[in-house]
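Visitor: sequence? don't have it. structure:
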């Protein structure tokens, strides 16, 4: 008897183990059938109407949306108008003061007696003096190499040339492994007396379109200008330095930081019929860099979030809990929108059940990364068969997104994860335009997020 | 006691149920670690060297590869040379007689007193008489509508206008739901005395590039010419017919079917070190349609299959079982290559353990569909954690591919399944060119197939 009990205990514990990591629908079959039907409706509507794709076309027509720019305000106004026209219960603009950095008219990096390199100032960089900076160049791959050569650095331009590691499956991991050069490069180089910084563009595409992005300074060190070089011109500079280690580059940047500007998060919601105080956020960041049109980053996430509300309205789905679309301003260079929204939630003592962020491009769905406790994770995982209707393959524990992290006490923060093999080709560059977005890929993202929001609103967490 | 036993039985049967559908690695941890290491090596090599992508560039330079064409023979010779240069144990050309259909120089469909429509003869179509066919047009959506209007059909051109159903998640399902018009349209229309057939292109892209594909005749009915119309011109014709139901179209096709031509399957292998007689095929079809360059269909699958051998050689992986790359000729309009290879295997009484086909485009990996018995499926499913290294999300029971189906007595036939949201945009059209293939997406396919072949060669089935 003892042995049998022991065996049973083993089996029970094994079963618990199985349940903890795997999928078993916690939904009874009539609910499952109903949810499958709704998920099919959502997917079909998204794929045939392409409302999000059409919105993205309009948004990209307005142009880029860097925080503080006039264009960003025009786009914010457009988004509010569109949401109003959906017949949403509430649309509001939440004021936020945002950094206001502007790229100058002419940015050049000329190899003296040689060619001009394709460059873009990094976001937040100071300008060079009016006559530019002319200096020798030291190429390094990383900060430890810089540290070893610190005695040579004074008065030089530091060229950080380490490329994104393309051998990695996950392009975001590759990006994460190279972005220190862009963000901290000016600080690290300034420590040893460098006068400027050039950084190889962080990209998976071997073209010559430079990729910008935010960079930082510290008050305790002199601020020095910083720019990204196109991938091919980074190779060119690397080879030119082998031929002539004493070559000079004349760098001219005339970007500037203006006083903080007034901007807005755009917030719109469909009030829940049974639990209006339980809020499910679907969100993305509305600002973009000032080159290209921020189509994938993060126009895609914005129109997907807007489309979720549109799909609910069009299909006559009345959510039991409140579905709120939040378009956060200023993710790229300050996260002021995310922080402001987080404060607002805290002040109002709102109950956020879940927040779903889409900020990884408008590509074919892979899955959802979820930051939550293990029993909530098991519950959400059990819905996978329904989410497969829009192409979701998996649901895993993982990080969510930059903006939703500021919403404290949210039971689950979810990151929508599309395939991102093509993302770093266009990210933060002039190539992030509408034509790089595929309608079906984008729309399946909208459908996936809408189905997830629907299931949370029906089932709770 | 009885109750306890009953409970135990219930639990055991529940466990069996779980095991049958889900994943539990059957590999011990040292094997798993080793396989993960190899899978990482394969993925990194594929993503950094991009050997398959570079091969595809060369292959597309040669041009399209319709069965029987001189160009297809040039490409076959190129493939043999490339495989020889990999230092493969055996490379052979297997002779196959293939259909030899040729598109004529001028193909036109003119609305009399109106515009010319963008058309492409369907593969296998006969020509029109030299002066063309001028006739009224009847538009129908499907064969039952045709049957209802059979009394009007005599002497008319039938326009099959049903589009691919874009509301479906799976673009192949959409394709499958529309392709009857293209394949059987001429036969069905000929039954009632029609003189020609026009078919809306089967595509997910709303442009005006026509998509061809194979069509059939039966000997008992008059053969009538058939062509595909671009999506936009299909809409145009639909509207023009509303304005004027009596409009006339003058159709001119001058395609022809020549006597069967000699062609070849290309076969190359790395002989297994321990079980050389147990063969694992990695294969794809080498022929393409005569427009575009067959980059996705199926140049992608061919260079992936070639790259599998290249990766084994480059990484010094000596498979325990034989890995054989087969480039099948004539999948598009006859499957003669697949059938010939099947006969060869049967005659030689070869032992094919598995055959993996890649013929769904060169896009980001999703999973593998496997046609096998349930215990073999469980075994292969248990390898998923290793296959995740190259981005595989799932392994399911499912169909494999057109060519490998002719290999009888294969323990497992596998279809590599990439994302296919963009596939039908370019499939069988002039847009199926090298620039529509993304290097990372393609290479992850090569890596996925290589890892699967490696695991089968190590573990057996």
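Guide: Nice, thanks for sending it over. These numbers come from a predicted model, not from an experiment.
Visitor: what sits closest to the closest residue to chain B within the stretch 151-300 of chain A if chain neighbours are left out?
Guide: Closest contact between the stretch 151-300 of chain A and chain B, by C-beta to the nearest C-beta, is at residue A:167 (3.9 Å). Heads up, the C-betas are built off the backbone N, CA and C, glycines and all. Nearest non-adjacent residue to residue A:167, counting by C-beta to C-beta, 6 or more residues apart in numbering or on different chains: residue B:44, 3.9 Å away.
Visitor: am I right that the one you found sits in a helix?
Guide: Yes. Assessed with DSSP: H, G, I helix; E, B strand; the rest coil, residue B:44 lies in a helix.
Visitor: so it versus residue B:37, what's the distance?
Guide: 11 Å (C-beta to C-beta, to the nearest Å).
Visitor: over to residue A:177?
Guide: According to C-beta to C-beta, residue A:177 and residue B:37 sit 20 Å apart.
Visitor: same question for residue A:119.
Guide: Taken as C-beta to C-beta, the span from residue A:119 to residue B:37 is 40 Å.
Visitor: helices of chain A, residue ranges please.
Guide: A:2-21, A:29-49, A:51-62, A:70-85, A:143-148, A:171-176, A:179-191, A:231-243, A:300-314, A:336-348, A:374-381, A:384-387, A:423-426, A:439-459 (DSSP state H).
Visitor: count the residues that sit near residue A:387.
Guide: 24 (other C-beta atoms under 10 Å in any protein chain shown).
Visitor: thought it was touching residue A:451?
Guide: Yes. With contact defined as C-beta atoms under 8 Å, residue A:387 reaches residue A:451; the gap is 5.6 Å.
Visitor: joint contacts of these two?
Guide: Common contacts of residue A:387 and residue A:451 (C-beta atoms under 8 Å, 6 or more residues apart in numbering or on different chains): residue A:39.
Visitor: returning to what we had before: for the helices of chain A, which one sits closest to residue A:399?
Guide: Checking those against residue A:399 by C-beta to C-beta gives helix A:171-176 as the closest, at 9.9 Å.
Visitor: which strands and helices sit next to the closest one?
Guide: Packing partners of helix A:171-176 (3 or more C-beta pairs under 8 Å, 6 or more residues apart in numbering or on different chains; DSSP states H and E): helix A:423-426.
Visitor: what helices and strands are in contact with the helix it packs on?
Guide: By 3+ C-beta pairs under 8 Å, 6+ apart, helix A:423-426 packs against helix A:171-176.
Visitor: taking the mean pLDDT, what do you get for the helix it packs on?
Guide: Averaged over helix A:171-176, pLDDT sits at 98.
Visitor: by mean pLDDT, flag the weakest helix or strand of chain A.
Guide: The helix or strand of chain A with the lowest confidence, counting by mean pLDDT, DSSP states H and E, is helix A:2-21 at a mean of 43.
Visitor: compare residue A:177 and residue B:37 (neighbour count), which wins?
Guide: Per other C-beta under 10 Å, whichever of residue A:177 and residue B:37 has more neighbours is residue A:177, with 15 against 12.
Visitor: okay, now the closest residue to the more buried one other than its chain neighbours: neighbour count?
Guide: Leaving aside its sequence neighbours, residue A:177 sits nearest to residue A:165 (C-beta to C-beta, 6+ apart; 5.4 Å). For residue A:165, the neighbour count with other C-beta under 10 Å is 17.
Visitor: likewise for residue A:38?
Guide: Residues near residue A:38, counting by other C-beta under 10 Å: 19.
Visitor: correct me if wrong: it contacts residue A:453.
Guide: No. Taking C-beta under 8 Å as the definition, residue A:38 is not a contact partner of residue A:453, at 11.4 Å.
Visitor: so which residue is smack in the middle of chain A?
Guide: residue A:359 (3.4 Å; C-alpha atoms, centre = their mean).
Visitor: near chain B, which residues of the stretch 51-200 of chain A?
Guide: Proximity of the stretch 51-200 of chain A to chain B, by C-beta under 8 Å from any C-beta of the partner chain, involves residues A:166, A:167, A:168, A:169, A:171.
Visitor: what subset of those is buried?
Guide: Among those, the ones that count as buried by 16 or more other C-beta atoms under 10 Å in any protein chain shown are A:166, A:168, A:169, A:171.
Visitor: contacts only, for the last one.
Guide: Residues touching residue A:171, when contacts are defined by C-beta under 8 Å, 6+ apart, comprise A:164, A:204, A:420, A:421, A:423, A:424, B:440.
Visitor: give the residue spans of chain A that score low on pLDDT.
Guide: A:1-25 (pLDDT under 70).
Visitor: which residues sit in contact with the closest residue to residue A:36 other than its chain neighbours?
Guide: Excluding the flanking residues, the one nearest residue A:36 by C-beta to C-beta, 6+ apart is residue A:386, at 5.8 Å. The contact partners of residue A:386, by C-beta under 8 Å, 6+ apart, come to A:27, A:32, A:35, A:36, A:39, A:451, A:455.
Visitor: TSV for those residues, including neighbour count?
Guide: Shown next, in TSV, are the contacts of residue A:386 (neighbours: other C-beta atoms under 10 Å in any protein chain shown):
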residue	neighbour count
A:27	20
A:32	16
A:35	22
A:36	16
A:39	25
A:451	28
A:455	22
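Visitor: partner residues bridging residue A:251?
Guide: Listed by DSSP bridges, the beta-bridge partners for residue A:251 are residue A:109, residue A:133.
Visitor: from what I can see it touches residue A:157, true?
Guide: Yes. In this structure, residue A:251 is within contact of residue A:157 by C-beta under 8 Å, at 6.5 Å.
Visitor: count the residues that sit near the closest residue to residue A:300 other than its chain neighbours.
Guide: Among residues not flanking residue A:300 along the chain, residue A:362 sits closest, at 2.9 Å (C-beta to C-beta, 6+ apart). Close neighbours of residue A:362, defined as other C-beta under 10 Å, add up to 30.
Visitor: with residue A:33 instead?
Guide: 11.
Visitor: what sits up against stretch A:329-338?
Guide: A:66-67, A:72, A:76, A:96-99, A:101, A:123-124, A:213-214, A:263-265, A:285-289, A:298, A:328, A:359, A:402-406.
Visitor: and residue A:347, how far from residue A:413?
Guide: According to C-beta to C-beta, residue A:347 stands 20 Å off from residue A:413.
Visitor: likewise residue A:317?
Guide: From residue A:317 to residue A:413 the distance is 23 Å (C-beta to C-beta).
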